[in-house]
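# task: produce atomic coordinates for the following.
(one chain, ligands or ions: 3)
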Amino acid sequence: MNALADRIDALLPQTQCRRCGYPDCRAYAKAVATGKTDINRCPPGGEETLQALAKLTGRSAAAGIDPVLGGFTPGRAAVIIEPLCIGCTKCIQACPVDAIVGAPKQMHTVIEALCTGCELCIPPCPVDCIRMQPARGTTEGMAIPAPGSQQADFFRARYRARSARLAREQAEHHAHLHRKEMAAGVQDEVIARRKAEIAAAVERVWRKRLQRKQRPPERGGGSR
Ligand code: SF4
Ligand code: SF4
Ligand code: SF4
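Numbers count the residues shown, from 1 in each chain. Ligands and ions are numbered 1, 2, ... in the order given. Got it, this is the predicted structure:
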């Protein structure tokens with residue numbers, strides 16, 4: 001089944017836009033391969049992808065792209081209206097292919113050649129300063145990236161690289177938290193041991209005082 005998912009994935013445009021209802025192109029490819037979903041749920045791929053999927057899977061393309069998912073969108077790229085940008089970094093976090101550069105509290109920019117046109121950066125922007133525009137070099141009705149093209153492969157590779165980086169960062173974060181917890185645990189242990197030592201020392205002092213009080217007075221030592 002993985003081999004079929006690979007072949008389906010190879011026909012998808014790799015915008016990673018989630019319009020199909022799956023978290024990425026690969027997840028949609030798997031769902032199509034296992035028969036869990038229809039072949040007409042990729043608006044960025046348009047008719048070209050639909051026909052290619054129909055040919056590969058032997059399923060019907062007659063229904064066309066599911067209109068509920070919105071229409072086919074030819075190649076577009078995001079652009080940030082830079083003077084309005086407040087540098088919140090929310091768009092960077094949303095971009096599936098690391099196509100945005102910027103730093104906290106500084107202006108952000110989209111690198112057009114890296115942008116898949118997925119539009120995932122638009123909803124999180126608190127000041128609504130991201131727009132979509134036709135991608136450079138596109139012609140009317142042309143899907144960008146064209147399914148199965150080198151550009152699609154490039155976007156897939158960038159998406160995978162980002163996913164791997166995020167997974168690595170998350171693992172490092174968990175490891176850091178674990179180390180912190182361990183260190184805090186060791187510290188708690190040291191404090192608890194110290195407290196117990198102090199409590200034992202205090203008790204020893206009290207016991208000695210009590211013993212001194214209970215001891216009978218020495219004979220012949222005092223005057224009347
Ligand atoms: S490009 Fe198509 S398959 Fe990939 S996430 Fe978008 S809708 Fe889904
Ligand atoms: S810049 Fe925006 S539209 Fe372009 S790939 Fe990143 S999230 Fe998608
Ligand atoms: S989300 Fe909007 S305001 Fe925030 S950094 Fe991106 S473009 Fe700038």
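
# in what helix or strand does Ala199 lie?
helix 150-214 (DSSP states H and E).

# chain center to that helix: distance?
Relative to the chain's own centre, helix 150-214 is displaced by 26 Å; criterion: Cα atoms, centre = their mean, to the nearest Å.

# per-residue confidence averaged over that helix?
Across helix 150-214, the average pLDDT comes to 91.

# do the same with stretch 77-95
Over the span of stretch 77-95, the pLDDT mean works out to 96.

# surely Ala77 meets Arg131?
No - look at Ala77 against Arg131 with Cβ atoms under 8 Å: they stay out of range, at 9.8 Å. For every residue, glycine as well, the C-beta is placed using N, CA and C.

# ok, the two, which is more surrounded?
More crowded of Ala77 and Arg131, by other Cβ atoms under 10 Å: Ala77, with 21 against 13.

# any idea how far that one is from Thr37?
28 Å (Cβ to Cβ, to the nearest Å).

# what about Ile191, how many residues nearby?
Ile191: 10 neighbours (other Cβ under 10 Å).

# that one and Ile198, how far apart?
11 Å.

# same deal with Gly148?
Applying Cβ to Cβ, the value for Gly148 to Ile198 is 73 Å.

# please identify which of those two sits among more neighbours.
Gly148 (17 against 10).

# name all residues that make contact with that one.
10-11, 52 (Cβ atoms under 8 Å, 6 or more residues apart in numbering).

# so is it in a helix, a strand, or just coil?
What DSSP: H, G, I helix; E, B strand; the rest coil gives for Gly148 is coil.

# and the chain, what are its domain boundaries?
Domain ranges of the chain: 2-69, 76-148, per automatic domain parsing.

# just those domains: most buried one?
domain 2-69 (a mean of 19; mean count of other Cβ atoms under 10 Å).

# sticking with the closest residue to Leu50 other than its chain neighbours, tell me its helix or strand.
Closest residue to Leu50 apart from its sequence neighbours, by Cβ to Cβ, 6 or more residues apart in numbering: Ala61 at 4.8 Å. Following DSSP H and E, there is no helix or strand that holds Ala61.
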